[in-house]
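Engineer: Predicted model follows, preceded by the sequence.
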Amino acid sequence: MRKVSVALTALLVLTGCGQNAGEDGLMDAMAAVSAEGPAAAYFEYGEPAWWRDLGVKAGDDKTRRWLPAAVSGLGGLATAAAALPEATGMTPSAGTRAISIGAPPRTAFRFDGDVDADAVREKLTALGAKPREMSGHEGLSFSPGDEIDLSRTIVPGVTNQLNQVVVTDSLVAAASTPDLLTTALGGDASLADKPAHAAMASCLGDVAAATIMTPSPPSGTVTLYGVGLRRPADLKDRPVNVICVLPAASAAAGVERALTTRLVPTGSMGTGGTYGKHAPEIAHDRVSSDDHTVLRAVLTLNDTTNAMFANQLLIRGDLQTLTTP
């Protein structure tokens, strides 16, 4: 294993990664959803409570760069988050954590925390939802399956994501179909039980926003990508992003060579400029977990770049380019 540079070692100490990587937050969230479902292909995680306590809120220019992190975990519901409380009684921003799994159209969502279950049931019932049992869970349903009812608009941007809902005093889970909703509520085997995903959690460490996903389309050279935002102690901190890549064993050397030579401050970005314009400090190492070795890059961003810079690289497909041998 390549030695971690002195600079990276100091960085890990400063960002609180002396604790066991992946403990509590991210790993616990992965343990809450089923491995037998869409979470294996796409898992998005966030901690609304952390950002709320730091004072991140919409409309505040001083916290704007952190706002994308505050809605991490909401997936396709992120754009509707502000309208959900009044329309449905659901208040994701008041939760302790948010989780979104799967890629459209097979997605599910949950947030955990203090929930006014009666208010949610009352509002959803008024909108036309009917009681329904889903795999032993008492819930509410707008439709038997993933049908889209154009005559009913819950909030702009929401089509069938709330067709099926289970609500308790400590969580809200929603999905387009009953089977998808059930996977968001856990199962005999959880996502944390999958060695490859557990290795990604260990690599990402103590993050307050993260995404783990398989390549789309499958690449044959990379098994999983993961990006995360290390938990800042203060909004004046420079954001620290983590990129984790689990290569296929047969392509590991080529993927590592590509990542470590391209993702450097002087490396050219596909959108123009260099990576150093956004992340003046980039350090590479490896993280081993069971039989998996994950490639890791830790990016310390400048004072103006979007705090979810690594997530932007993932969504745009830039990470796939960076890791192609």
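Structural biologist: Happy to help now that I have it. Numbers count the residues shown, from 1 in each chain.
Engineer: Pull out the buried positions in stretch 44-61.
Structural biologist: 44-51, 54, 56 (16 or more other C-beta atoms under 10 Å). Placement of C-beta: from N, CA and C, glycine included.
Engineer: Inside helices: which ones of those residues?
Structural biologist: For the buried residues of stretch 44-61, the ones inside helices are 48-51, 54, with DSSP state H as the criterion.
Engineer: In terms of residue numbering, what are the domains of the chain?
Structural biologist: For the chain, the structural domains run 6-21+190-322, 37-184, going by automatic domain parsing.
Engineer: Taking the buried residues of stretch 44-61 together, which two end up most distant?
Structural biologist: Glu44 and Leu54 (19.9 Å; C-beta to C-beta).
Engineer: what about the helices in the stretch 201-325 of the chain?
Structural biologist: For the stretch 201-325 of the chain, the helices defined by DSSP state H, counting those that start in this stretch occupy 252-262, 309-316, 318-322.
Engineer: Give the other helices and strands that the longest one contacts.
Structural biologist: Spelled out, it's helix 252-262. If you count contacts as 3 or more C-beta pairs under 8 Å, 6 or more residues apart in numbering; DSSP states H and E, helix 252-262 packs onto strand 240-247, strand 281-289, strand 292-300, helix 318-322.
Engineer: Kindly report the same for the last one.
Structural biologist: Here helix 318-322 touches strand 222-230, helix 252-262, helix 309-316, going by 3+ C-beta pairs under 8 Å, 6+ apart.
Engineer: secondary structure class for Trp66?
Structural biologist: helix (DSSP: H, G, I helix; E, B strand; the rest coil).
Engineer: Might one say that it is in contact with Leu235?
Structural biologist: Yes: the criterion here is C-beta atoms under 8 Å, and Trp66 meets it with Leu235 at 6.2 Å.
Engineer: Give me the more crowded residue out of those two.
Structural biologist: A direct count of neighbours by other C-beta atoms under 10 Å for Trp66 and Leu235 places Trp66 higher, at 24 against 16.
Engineer: how about that one, what does it touch?
Structural biologist: Each residue near Trp66 by C-beta atoms under 8 Å, 6 or more residues apart in numbering is listed here: 51, 54, 56, 232, 235, 239, 307.
Engineer: As CSV, the residues you listed with pLDDT would be great.
Structural biologist: Formatted as CSV, those follow (pLDDT from 0 to 100):
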residue, pLDDT
Trp51, 96
Leu54, 95
Val56, 94
Pro232, 94
Leu235, 93
Pro239, 97
Ala307, 97
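Engineer: For Gly102, state which of those is nearest.
Structural biologist: Trp51 (23.5 Å).
Engineer: Look up the residues forming beta bridges with the residue nearest in space to the middle of the chain.
Structural biologist: Centrality entry for the chain: nearest residue to the mean C-alpha point is Glu44, 2.3 Å, by C-alpha atoms, centre = their mean. Under DSSP bridges, the beta-bridge partners of Glu44 are Ser100, Thr211.
Engineer: from memory it sits against Gly75, does it?
Structural biologist: Yes: between Glu44 and Gly75 there is a contact under C-beta under 8 Å: 5.4 Å.
Engineer: what residues are shared contacts of those two?
Structural biologist: 100-101.
Engineer: Low-confidence regions, the stretch 1-150 of the chain specifically.
Structural biologist: 1-24, 150 (pLDDT under 70).
Engineer: Where do the helices of it begin and end?
Structural biologist: Secondary structure of the stretch 1-150 of the chain by DSSP H, counting those that start in this stretch: the helices cover 6-14, 25-31, 48-54, 67-70, 84-88, 117-126.
Engineer: which one of these lies closest to Asp206?
Structural biologist: helix 25-31 (7.1 Å).
Engineer: export the closest one as CSV, just CAs?
Structural biologist: What follows is helix 25-31, C-alpha atoms only, in CSV (Å, rounded to 0.1, in the frame of the first residue of the first chain):
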residue,chain,number,x,y,z
GLY,A,25,-23.9,8.4,10.0
LEU,A,26,-23.3,6.9,6.6
MET,A,27,-22.9,3.3,7.6
ASP,A,28,-26.0,3.4,9.8
ALA,A,29,-28.0,4.9,6.9
MET,A,30,-26.8,2.0,4.6
ALA,A,31,-27.9,-0.5,7.3
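Engineer: Could you list the buried residues of that helix?
Structural biologist: Neighbour-count burial for helix 25-31 [16+ other C-beta under 10 Å]: 25-30.
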